[in-house]
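Trainee: sharing a model prediction with you, sequence too.
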Amino acid sequence: MTDASSAWRAYLAASAAGTYGAECASLRDVADVVECHFLDARDDDFASTHLPRLRDALSRADAASAAPGTIDDADDDATHGWVDAAVPAAVDAFARAIADARARAANLATALHASDPRAAEHARARLDAELAARVGAGVATRGPARLSSVVATYFSRRLTEFERALAALRGRDPDGDDDAASDDDAAAAAAGATMDLDRPTPPIFSCKDALGAPWADAVAAVATGVGGGREWTERHEARDDGGCALGAVAEAAVAKALELSVRKTVSAKAKGVFDRRALPRLLRWLDAVPLQFLATTLGMTHGAGGPSGRTDADAAATASKLAEWRSRLEYAIHEHLGALRVSEFFDVIVEFPDSVPAVRDLRACLRRTTLHAQLVRRLRSAMQSRLLVAGAPTADIIEQYRLTIRALRALDPSGVVLRVVSGPLKEYLRERKDTIRCVVTMLMGGGGGGGDGDGGDDVDALLGADGDDAVEGSDDEIDRDDVGAGWEGPGGDGGGGSARGGPRRAMEAWENDPEFTVDLPGG
């Protein structure tokens, strides 16, 4: 009993000093008790010292910088400039505390099982996993309230810095257009030609190329520090033992920064610009900026045999993870660009056919997203508030209807969206007594053709020669399944389109409607 008490006192003294030796060997029979005491002590240490320091370091901004729930204004130096120095210093101190706790755990496992290397290795793995889980839980419950958002703000500012460095490296205005070649692509798209996919793309520079190795290493250190070290995070991700909570914080912060960058870039490059395609430029930007920043931040830059000494399996896993991130960001680009074009589609129609590139962008986005019902709702709402009003001349409404037919046929050859959207327009035109007179003027004067050879088809659809009135049901019933295979039909018409009987038969259909019995000049 005396020997056990002496050994325990010696262990406590060694714990205070942070080193473990032969005094632990006699405690091997109660190793579980020793390990539990060690973990509780580390838990108390983080709760009383390291987590409060991390919380204070990342919460010392004024109320204006701490209150926002978003990082939309991350580039504002007055509000968020403090994170540039505070985040790396706080994360580095926290990472050193984690490294010290892990080293102590490894020393304790070796001391407890000095005569059995296999048991010592198992004890090290067990202590490491439990330590990871406890530290992760502590950060989640007692750490900074907005740890992910604060770190995301830091990454967002570094991403902007990287993008500006790339622009300077290529001799371009960082706030201007990034690819003059895209003008040629847009012109080809507007003319109906296929873009030149063999055109050389601009060279891609890594973070180290643009800003140097020290900058890239410092940014990567923040992500690895938040995760307690890349090796620690990757080990527990592979084991799926719940110890990778800190790594999830780091990835969530990077994801927030990249999502903000995608949203801002889509708006900057595409908002209000209808005569050039934005999607090809955005996808080139994705490869040149976000993916390069992501590779540096999350340590995806080294292949097999590289500086990190990774194997072929590690390189394959890294490539797979990078491909997953690319797919995720590519979807975000399609979603944000599609939502932007949906909100602007009334203006796209007004500028048609000059806005054909914007229509093609939206068509590509709709293939990858589920924005169809939103398109119908927004377009019908815009027409109701901006077009179908008492002060709008009937001739202008008919002209807008004609452009709507052409734009929606280009967007959705199946005709589903056109039939839904055209319902309110047809009903409204039936209530106007001068509609027939305006339509006759279009037919007699050629005003509906626009000089591009499509006037007859537009007038057919305008007058209802296809026999399709509004689709019954609500806007919410229109989704990707409704469009079906017709969205990308052969020959560009998706198997849809209108049954053509010519302007004369269409005109007779309208004339026979009692609502449109009017006295025309000379008749």
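Mentor: Yes, it's here. Numbering: from 1, shown residues only.
Trainee: and for stretch 46-53, what's in contact with it?
Mentor: The contact list for stretch 46-53 (CB atoms under 8 Å, 6 or more residues apart in numbering) reads Ala90, Ala93, Phe94, Ala97, Ala101, Arg134, Val135, Gly138, Val139, Arg142, Gly143. To be clear about C-beta, it is placed using only N, CA and C from the backbone, and glycine gets the same treatment.
Trainee: do that again at 7 Å, thanks
Mentor: Outside stretch 46-53, the residues within contact range by CB atoms under 7 Å, 6 or more residues apart in numbering are Ala93, Phe94, Ala97, Val135, Gly138, Val139, Arg142, Gly143.
Trainee: go through it and flag the buried ones.
Mentor: Phe46, His50, Leu51 (16 or more other CB atoms under 10 Å).
Trainee: element containing the last one?
Mentor: Looking back up the chat, that one is Leu51. Leu51 belongs to helix 51-57 when assigned by DSSP states H and E.
Trainee: that helix - what's its average pLDDT?
Mentor: Helix 51-57 comes out with an average pLDDT of 87.
Trainee: same check, this time on stretch 341-350
Mentor: 93.
Trainee: can you give me the end-to-end distance of that stretch?
Mentor: Chord length of stretch 341-350, first to last residue, is 13 Å (CA to CA, to the nearest Å).
Trainee: over to stretch 362-374?
Mentor: 12 Å.
Trainee: list the buried residues of that stretch.
Mentor: Buried, per 16+ other CB under 10 Å, within stretch 362-374: Leu362, Arg363, Ala364, Cys365, Leu366, Thr369, Leu371, His372, Ala373, Gln374.
Trainee: and of those, the nearest to Asp287?
Mentor: Set against Asp287, the nearest of the buried residues of stretch 362-374 by CB to CB is Ala364 (17.1 Å).
Trainee: and the pLDDT at the closest residue to that closest one other than its chain neighbours?
Mentor: In space, and not counting its chain neighbours, Ala364 is closest to Leu279: 5.7 Å by CB to CB, 6 or more residues apart in numbering. pLDDT, Leu279: 94.
Trainee: count of residues packed around Leu279?
Mentor: If you count neighbours by other CB atoms under 10 Å, Leu279 ends up with 26.
Trainee: follow-up on the earlier one: which ones among the buried residues of stretch 362-374 lie within helices?
Mentor: Leu362, Arg363, Ala364, Cys365, Leu366, His372, Ala373, Gln374 (DSSP state H).
Trainee: identify the farthest-apart pair in these.
Mentor: Ala364 and Ala373 (18.1 Å).
Trainee: do I have it right that the residue nearest to Ala364 meets Arg363?
Mentor: No: the criterion here is CB atoms under 7 Å, and Leu279 misses it with Arg363 at 9.9 Å.
Trainee: longest helix anywhere in the protein?
Mentor: From DSSP H, the single longest helix across the chain is helix 312-343.
Trainee: report the buried residues of that one.
Mentor: By neighbour count with 16+ other CB under 10 Å, helix 312-343 contains the buried residues 314-315, 318, 322, 325-326, 329-330, 332-342.
Trainee: likewise stretch 253-268?
Mentor: 253-266.
Trainee: how about residues contacting that stretch?
Mentor: The contact list for stretch 253-268 (CB under 7 Å, 6+ apart) reads 71-72, 74, 148, 151-152, 155-156, 159, 223, 282, 285, 290, 294, 297-298, 329, 332-333, 336-337, 340.
Trainee: over to stretch 348-362?
Mentor: With CB under 7 Å, 6+ apart, stretch 348-362 has contacts from 186, 189-190, 274-279, 337-338, 341, 400, 403-404, 406-407, 410-411.
Trainee: tell me the buried residues within those residues.
Mentor: In these, burial by neighbour count holds for 186, 189-190, 274, 276-279, 337-338, 341, 400, 403-404, 406-407, 410-411, counting by 16+ other CB under 10 Å.
Trainee: for Leu429, which non-adjacent residue is closest in space?
Mentor: That would be Thr435: by CB to CB, 6+ apart, it lies 4.8 Å from Leu429.
Trainee: what is the neighbour count of the one you found?
Mentor: By other CB under 10 Å, the residues close to Thr435 number 21.
Trainee: now the one 5 residues further on
Mentor: The burial metric for Val440, expressed as a neighbour count using other CB under 10 Å, is 15.
Trainee: surely Pro413 is in a strand?
Mentor: No: Pro413: not assigned to a strand; according to DSSP: H, G, I helix; E, B strand; the rest coil it is coil.
Trainee: can you tell me how far it is from Arg158?
Mentor: 45 Å (CB to CB, to the nearest Å).
Trainee: check Ala407 too.
Mentor: Ala407 is 41 Å from Arg158, by CB to CB.
Trainee: what of Cys207?
Mentor: Distance of Cys207 to Arg158, given as CB to CB: 9 Å.
Trainee: overlap in contacts, the two.
Mentor: Val219.
Trainee: which positions within the helix or strand where Glu427 lies qualify as buried?
Mentor: If you go by DSSP H and E, Glu427 is part of helix 416-430. Going by neighbour count (16+ other CB under 10 Å), the buried part of helix 416-430 is Val416, Val417, Leu418, Arg419, Val420, Val421, Ser422, Gly423, Leu425, Tyr428, Leu429.
Trainee: same check, this time on stretch 74-93
Mentor: Neighbour-count burial for stretch 74-93 [16+ other CB under 10 Å]: Ala74, Asp75, Thr79, His80, Trp82, Val83, Ala86, Val87, Pro88, Ala90, Val91.
Trainee: mind listing which of those are in strands?
Mentor: Among those, no residue falls in strands (DSSP state E).
Trainee: of these, which is the nearest to Ser115?
Mentor: Nearest to Ser115 among the buried residues of stretch 74-93, with distances taken as CB to CB, is Val91, at 39.2 Å.
Trainee: ok, that closest one - contacts?
Mentor: By CB under 7 Å, 6+ apart, Val91 lies in contact with Val222, Gly225, Val226.
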